[in-house]
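Need coordinates for the below:
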Amino acid sequence: MAGRLNDDSAGDLKAAAELGMAPAFWAARQPDKTAIFEMSGPTRTFGQLNGHANRIVRLLRESGLRPGDSVALLCPNRAEFVDVLFATQRCGLRMTPVNWHLTPDEIAYVIDNCEARALFADASVTGAAQAADDCPRLTLKVAIGGPLAGFLDYEDALNPYSGDDIDDPVRGHTMLYSSGTTGRPKGVYKPNAPIPTYDPAYQDDDVHFCTGPAYHASPMAGDVRKALVNGVPTVLLDRWDNEKVLATIEARRVTRSHFVPIMFQRLLGLPAEVRSRYDLSSLRRISHGAAPCPPEVKQAMIQWLGPVLFEYYAGSEGGVGFWVTSQDWLKKPGTVGKRPDPDAAKILDEAGNELPIGQAGTIYMRLADQGGFEYFKDSAKTDSGRRDGYFTMGDVGYFDEDDYLFLTGRSAETIIVGGVNIYPQEIDNELIKHPAVADSCTVGVPHDEYGEEVRAVIELAPGYAPSEALKDEILAYARTAVAKYKIPRGVDFVPRLPRSEAGKIQRNKVRAPYWEGRARAI
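Prediction:
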């Protein structure tokens, strides 16, 4: 098993993982062991997963795709997501998982922007076919789980091809989409990024649980790729349900998972008698990040489950190894981890000067640790976050005297709602199309459960006056223009939005009054 490989076998697995062939390594050793559980039960053995990946490679190659080309994957948490992931990683392709909660227009933007030549789309995703119609670059369209007009059926498309291992694997990579503070989200292009590989810490009975959407960086990297690379089964949650999550942990004897703070809050919201019905003693490690976790929530989770929480600090762009155990966090509540070495990260002021211990500034992380990255087709955005071999995601924080990092705010404009990134400029670009809106500045405001909620701050056009009816009208308009999770939960009217001398709206000044009196502005 994974945790007990000898040195030669461990080396073979590492080499296989580099080329997306880890499922082939395990298929040769444990072909009948379940690799993927969907909520309905076992779905793929390691042998089946490997065979599906090989068939997809042959389909893609016969369709004319070559190393360096792009594939888009529009798919909820199901086995086919994993098939396509490992196929693209072994034939040199760039795979972009697309957020299936987006509107058809937003989906089409990502597919087109990542330059996808092939699309695998779940038939249950509203607007999948419509989005594909707007992407003329596509030469292969495959429908998963049902028919889509103009698409090949998944099983029918794969059936003609052999599942035997390909003999010429080429390393591929994924490209996720991240913050778009001045417009649409941008692809984080990092073909040389470190990939999940052999981890001797795994045990024979380990089971991962992918609770979040696999199109997000951490669930895909940890609960899907890392688990399966190490021969460990993963359970794919189709949609969040408090009791279903607890029941699944008990039934599958889950040992590892990734959560975001809103999940903790929802579980803690269950009555004590409901929580006590389930045996969760199998849990050994719950990673969490993506959004700040309120200290009282984390303390309650540790009290309930024991010291199994491991917090991290990173983003789609990467990180530099900030991790904190439950034990260390209890000694330093609020930290996101210790700097792994003195040069791994720095706190800088606006002029680029390094700040002393205890003084908050912009967090910069060492670029080399990520294998290098750039924002796809956006050199200006890439350059704007760089300083002398370091990059920033726009977060603000400080180091204490023991080199532990504490986050205090965010200078970037991204709104984080329950661990989900929302890019305010996208919303503003739609709201200003309403005739009553002279200008819009969408910001994140405090929310006790989700951390932040979306609020639109509006400067009205001449001839319009603030009213509840107008608020409702603007929100109704927003519902027709952006994905459901991006819709503002409220509208505030102001006489004039603050602007810089260059005329740019100063979003931080709009946001600041909502966060007055709070120790953290995130």
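
can we go C-alpha only for contacts and neighbour counts from here?
Fine.

Could I get the buried residue list for stretch 50-58?
Asn50, Gly51, His52, Ala53, Asn54, Arg55, Ile56, Val57, Arg58 (16 or more other CA atoms under 10 Å).

Out of those, which is nearest to Asp134?
Ile56 (24.0 Å; CA to CA).

Work out for me the element the closest one sits within.
helix 46-62 (DSSP states H and E).

Also Val454?
Residue-wise, Val454 maps onto strand 451-460 under DSSP H and E.

pLDDT averaged over that strand, what's the number?
The average pLDDT within strand 451-460 is 92.

Please name every helix or strand in contact with that strand.
Under the contact definition 3 or more CA pairs under 8 Å, 6 or more residues apart in numbering; DSSP states H and E, strand 451-460 sits against strand 415-417, strand 437-447, strand 490-493.

As TSV, those strands with mean neighbour count would be great.
Shown next, in TSV, are these (neighbours: other CA atoms under 10 Å):
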stretch	mean neighbour count
strand 415-417	24
strand 437-447	21
strand 490-493	16
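
now those strands in a markdown table, with distance to Val235 and mean pLDDT?
Listed next are the helices and strands packed on strand 451-460 as a markdown table, based on distance: least, CA to CA, whole Å; pLDDT from 0 to 100:
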| stretch | distance to Val235 | mean pLDDT |
| --- | --- | --- |
| strand 415-417 | 25 | 82 |
| strand 437-447 | 31 | 89 |
| strand 490-493 | 37 | 94 |
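
can you put those in JSON lines and add distance to Glu106?
Formatted as JSON lines, the helices and strands packed on strand 451-460 follow (distance: least, CA to CA, whole Å):
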{"stretch": "strand 415-417", "distance to Glu106": "18"}
{"stretch": "strand 437-447", "distance to Glu106": "18"}
{"stretch": "strand 490-493", "distance to Glu106": "22"}
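
Tell me if Tyr485 really is in a helix.
Yes: the assignment for Tyr485 by DSSP: H, G, I helix; E, B strand; the rest coil puts it in a helix.

Assign the residue lying closest to it once chain neighbours are set aside to helix, strand or coil.
The spatially closest residue to Tyr485, leaving aside those adjacent along the chain, is His101, at 7.9 Å (CA to CA, 6 or more residues apart in numbering). The assignment at His101 comes out as coil when based on three-state DSSP.

From Cys114, how far out is His101?
Applying CA to CA, to the nearest Å, the value for His101 to Cys114 is 18 Å.

In this structure, which residue sits furthest out from the middle?
Taking CA atoms, centre = their mean, the residue of the chain most remote from its mean C-alpha position is Gly463, at 42.8 Å.

Quick check: beta-bridge partners of Leu140?
Ala118 (DSSP bridges).

Compute the number of surrounding residues for it.
19 (other CA atoms under 10 Å).

Could you report the separation of it from Ala132?
10 Å.

Need the residues touching each of those two.
When contacts are counted by CA atoms under 8 Å, 6 or more residues apart in numbering, Leu140 and Ala132 have Leu119 as shared neighbours.

What helix or strand is Leu405 located in?
Secondary structure (DSSP H and E) places Leu405 in strand 404-410.

Show me what that strand is packed up against.
Using 3+ CA pairs under 8 Å, 6+ apart: strand 404-410 touches strand 335-338, strand 395-399.

Generate TSV for the ones you listed, with mean pLDDT as supplementary columns.
TSV is the format used below for the helices and strands packed on strand 404-410 (pLDDT from 0 to 100):
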stretch	mean pLDDT
strand 335-338	92
strand 395-399	89
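
closest one to Ile166 among those?
Between Ile166 and those, the tightest spacing by CA to CA is seen for strand 335-338, at 41.7 Å.

Mind listing residues that contact the closest one?
311-313, 322-324, 329, 402-407.

low pLDDT regions in the stretch 51-200 of the chain?
179-183 (pLDDT under 70).

So which residues of it form strands?
Ranges of strands in the stretch 51-200 of the chain, per DSSP state E, counting those that start in this stretch, are 70-74, 94-97, 116-122, 140-144, 152-153, 173-174, 176-178, 186-189.

Take these and write them to a markdown table, including distance to Leu237.
Formatted as a markdown table, the strands of the stretch 51-200 of the chain follow (distance: least, CA to CA, whole Å):
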| stretch | distance to Leu237 |
| --- | --- |
| strand 70-74 | 16 |
| strand 94-97 | 17 |
| strand 116-122 | 16 |
| strand 140-144 | 17 |
| strand 152-153 | 24 |
| strand 173-174 | 22 |
| strand 176-178 | 21 |
| strand 186-189 | 26 |
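
what sits against Gly212?
Per CA under 8 Å, 6+ apart, neighbours of Gly212: Pro219, Leu237, His258, Phe259.

So which of those are in strands?
Counted as lying in strands by DSSP state E, out of those, are His258, Phe259.

Closest one of the contacts of Gly212 to Gln265?
Phe259 (10.6 Å).

mind checking how far the closest one is from Glu155?
32 Å.

Compare neighbour counts for those two and give me the winner.
Neighbour count, other CA under 10 Å: between Phe259 and Glu155, Phe259 has more, with 21 against 13.

list the buried ones in stretch 303-318?
Buried, per 16+ other CA under 10 Å, within stretch 303-318: Gly306, Pro307, Val308, Leu309, Phe310, Glu311, Tyr312, Tyr313, Ala314, Ser316, Glu317, Gly318.

Now do the SS call for the fifth one.
Just to be clear, that refers to Phe310. Assignment for Phe310 (three-state DSSP): strand.

sorry, back to before: what pairs with the strand holding Leu405, parallel or antiparallel?
For strand 404-410, pairing defined by DSSP bridges yields strand 335-338 (antiparallel), strand 395-399 (antiparallel).

which phi and psi does the residue minimising distance to the centre of the chain have?
Compute the mean C-alpha point of the chain, and by CA atoms, centre = their mean the closest residue is His216, 2.3 Å away. Note on His216: backbone dihedrals following degrees, to the nearest 10 are phi -80, psi 150.

Tell me the spacing between it and Trp100.
11 Å.

Over to Gln30?
Separation of Gln30 from Trp100 (CA to CA) stands at 33 Å.

of the two, who's got more company?
For Gln30 versus Trp100, neighbours defined as other CA under 10 Å are more numerous around Trp100 (23 against 17).

check contacts around the more buried one.
Trp100 touches Leu74, Cys75, Pro76, Ile107, Val125, counting by CA under 8 Å, 6+ apart.

ok, now Asn50?
Asn50 neighbours (CA under 8 Å, 6+ apart): Pro23, Ala24, Ala27, Asp83, Gly163, Asp165.

Highest neighbour count among the residues you listed?
Within the contacts of Asn50, most neighbours by other CA under 10 Å means Pro23, with 29 neighbours.

what separates stretch 360-367 from the chain centre, distance-wise?
21 Å (CA atoms, centre = their mean, to the nearest Å).

Could you number the chain from 35 rather than 1 from now on?
In the new numbering, first residue 35, that becomes stretch 394-401.

taking the mean pLDDT, what do you get for that stretch?
Rounded mean pLDDT across stretch 394-401 is 90.

Likewise for stretch 543-551?
When pLDDT is averaged over stretch 543-551, the result is 86.

quick one, what contacts Leu339?
Leu314, Ser315, Leu317.

Could you report the neighbour count for the second one?
Which is Ser315. Ser315: 13 surrounding residues under other CA under 10 Å.

measure it to Pro253 for me?
22 Å.

now do the first one
Taking CA to CA as the measure, Leu314 falls 20 Å from Pro253.

for Asp240, same thing?
Counting by CA to CA, the gap from Asp240 to Pro253 is 16 Å.

ditto for Arg205
Note on Arg205: its distance to Pro253, by CA to CA, is 21 Å.

Do I have it right that Ala113 meets Glu72?
Yes: Ala113 lies in contact with Glu72 (CA atoms under 8 Å); the separation is 7.2 Å.
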